[in-house]
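K.L.:
With the input below, show me the fold.
(4 chains)
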Number of protein chains: 2
Amino acid sequence: MNELAPQDHAIEALAALAHETRLAVFRMLVKAGPGGLIAGAIAEKQGVPPSTMSHHLATLEHAGLVQSTRTSRLIHYRADYPGMRRLLVFLLADCCQGAPEMCGDLFADLNCPPTPLCNA
Amino acid sequence: MNELAPQDHAIEALAALAHETRLAVFRMLVKAGPGGLIAGAIAEKQGVPPSTMSHHLATLEHAGLVQSTRTSRLIHYRADYPGMRRLLVFLLADCCQGAPEMCGDLFADLNCPPTPLCNA
DNA sequence: GCCATATTTCGATAATTCTCGAATTATCGA
DNA sequence: TCGATAATTCGAGAATTATCGAAATATGGC
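P.N.:
Model prediction:
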């Protein structure tokens, strides 16, 4: 229903990540892989009350950075890879006209093992 | 003096970009190239009062996303390419452990002409 | 149905950020 | 030095965001 302009979508994602707890949670979920983590465990790990964490997770989900599914009483949260990818592409988009040196050969600065996926 | 942890630095940059006017200004400066733009012109182009724009530019500069230099009465602002690059590298860093498909082959999604710099 | 568990939603306060006119600083030209 | 221009800093009100306990919702086991 609510189709947002690309830059508004990006602003929402940037704002969601611009918070100590939420950024830590998102990175934790990325590292956790596709299995994700349970809401309660996330809150405990970060040392914040469940209600506060619920707000943060809702913010991340609304921004398209995480996804959730319920299995019985537990709610699993996992990183939304395509969503994060959209943000990265948006941020990289302006490199072509104006500043290719800003993002050219980005992977050279990462300590990535040279796997096909990461350095593709 | 004030050496910030990497994630705090990233949060500052993310927060700086998570604002309609500031994001528009930063993208404008990236497109403008190394010559940058004059403060007054930026404010006029965005339709905000000079004092408001000054705050926004200071926020971007403090976050390490733009730089300024004065030439006589004019202050030139330009995108801080290494600064933005640091943010991108930080955001990409977790791909290696956990989710390489999140950022692998990112440039395939860009409408970049296949210049060596952009697709390096 | 009842109780326990997992999580969210509500609601109210605290903290932060945003905005912009007015005052201030800096620079130049005459 | 004076006046004009460019931009910033100050200050205060408006708007937004953050926090978290209490109440509500959802699920499963007995």
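K.L.:
What distance do you get for the residue nearest in space to the middle of chain A to residue B:86?
P.N.:
Centroid-nearest residue in chain A: residue A:65, 4.1 Å away (criterion: CA atoms, centre = their mean). Between residue A:65 and residue B:86 the distance is 20 Å, computed by CB to CB, to the nearest Å. C-beta here means a position set from N, CA and C on the backbone, and glycine is covered the same way.
K.L.:
Can you give the distance of stretch A:56-64 from its chain's centre?
P.N.:
Its chain's C-alpha centre and that of stretch A:56-64 lie 9 Å apart, by CA atoms, centre = their mean, to the nearest Å.
K.L.:
what about that stretch and DNA strand C, touching?
P.N.:
Yes: legend: contact between stretch A:56-64 and DNA strand C by CB under 7 Å from any atom of the strand is shown at A:57, A:58.
K.L.:
Low-confidence regions, chain A specifically.
P.N.:
Applying pLDDT under 70 to chain A flags the ranges A:1-3, A:96-98, A:111-120.
K.L.:
That one against DNA strand D: which residues are in contact?
P.N.:
Within chain A, the residues that sit near DNA strand D (CB under 7 Å from any atom of the strand) are A:15, A:19, A:21, A:48-49, A:51-52, A:55-56, A:59, A:70, A:72-73.
K.L.:
And the residues you listed, which of them are buried?
P.N.:
A:15, A:19, A:21, A:48, A:56, A:59 (16 or more other CB atoms under 10 Å in any protein chain shown).
K.L.:
For those residues, work out which two are farthest apart.
P.N.:
Comparing every pair within these by CB to CB identifies A:15 and A:48 as the most remote, at 18.4 Å.
K.L.:
Contact partners for residue A:21?
P.N.:
If you count contacts by CB atoms under 8 Å, 6 or more residues apart in numbering or on different chains, residue A:21 has them with A:46, A:48, A:52, A:53, A:56.
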